[in-house]
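Enquirer: sequence-free structure coming up:
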């Protein structure tokens, strides 16, 4: 599946301090990334909440910060806010870019490829289905400044050995204690339409077990959704109820799916 990312926001960060600056600002271990390396992560508030979901591409003379279009201005403002004594500059640029997605797991690992796609790109509807199957986050829908990164699939990408960064202390505190109060899971229904975002999730152990954030009908999996579930109800393979309908709990990304 070829996915067009030309319409996403792309920020070019330059200057002698760019690696150290982004390493200390984001959850990403930027110092460990080689030229042409890339990684997903987040910029957090000092209290550990997610302010922006970002993806980095390392180039020889600059670092590209890729974000959803709606996050360009807030992310640029964050970069400007923290670049007080650093030799860095950030500016939005236009890029022709795409990715090749082959599975939900690989979608998190797929690097940016710059230039026109070598074939037809997936439609917006196809990309949305694949996004939900992968558990890729949409800011303002699946994650916002009320969430911690460890409550999302970003938890698998957190590097607890990278050193200090903004928001590190609360993230490390929860890691040391063992569990967060909620986490984002996949839900799969036997049939019927997918539940609307905002629909409540119930469970015998906890009536207010969670809430649906995104949903779709997958040609591979049928009706599915993303939902935050309370820790008493998030066991993979377990069952919850959404609008009176049973749903099976799945880990993210969905395994055994190919595109």
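Expert: Done, it's in. This is a predicted model, so every value here is computed, not measured. Residues are numbered from 1 along each chain as shown.
Enquirer: any chance you could map the helices in this protein?
Expert: 18-25, 72-82, 104-109, 124-134, 168-177 (DSSP state H).
Enquirer: What degree of burial does the closest residue to residue 184 other than its chain neighbours show, as a neighbour count?
Expert: Once flanking residues are discounted, residue 184 sits nearest to residue 152: 5.0 Å by CB to CB, 6 or more residues apart in numbering. Just so you know, the C-beta spots here come from the backbone N, C-alpha and C atoms, and that holds for glycine as well. Using other CB atoms under 10 Å, residue 152 has 24 other residues around it.
Enquirer: Put together CSV for the helices of the chain, with mean neighbour count, distance to residue 33 and mean pLDDT on each row.
Expert: Formatted as CSV, the helices of the chain follow (neighbours: other CB atoms under 10 Å; distance: least, CB to CB, whole Å; pLDDT from 0 to 100):
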stretch, mean neighbour count, distance to residue 33, mean pLDDT
helix 18-25, 20, 8, 98
helix 72-82, 16, 18, 98
helix 104-109, 18, 13, 97
helix 124-134, 18, 21, 98
helix 168-177, 14, 18, 91
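Enquirer: Tell me which of the ones you listed lies nearest to residue 190.
Expert: Proximity to residue 190, assessed across the helices of the chain by CB to CB, is greatest for helix 124-134 (17.3 Å).
Enquirer: is it true that residue 127 touches residue 3?
Expert: Yes: the pair residue 127 / residue 3 is scored as a contact, 5.6 Å apart, by CB atoms under 8 Å.
Enquirer: coming back round to it: just so I know, which of the helices of the chain lies nearest residue 233?
Expert: Across the helices of the chain, closest to residue 233 is helix 168-177 (CB to CB), at 18.5 Å.
Enquirer: what's the angle from the closest one to helix 18-25?
Expert: For helix 168-177 against helix 18-25, the angle by axes from the mean of the first three to the mean of the last three CA atoms, to 10 degrees is 60 degrees.
Enquirer: So what touches helix 168-177?
Expert: 27, 44, 47-48, 148-150, 158, 160, 180 (CB atoms under 8 Å, 6 or more residues apart in numbering).
Enquirer: thinking again about what came up before, tell me who's in contact with the residue nearest to residue 184.
Expert: 50, 137, 142-143, 183-184.
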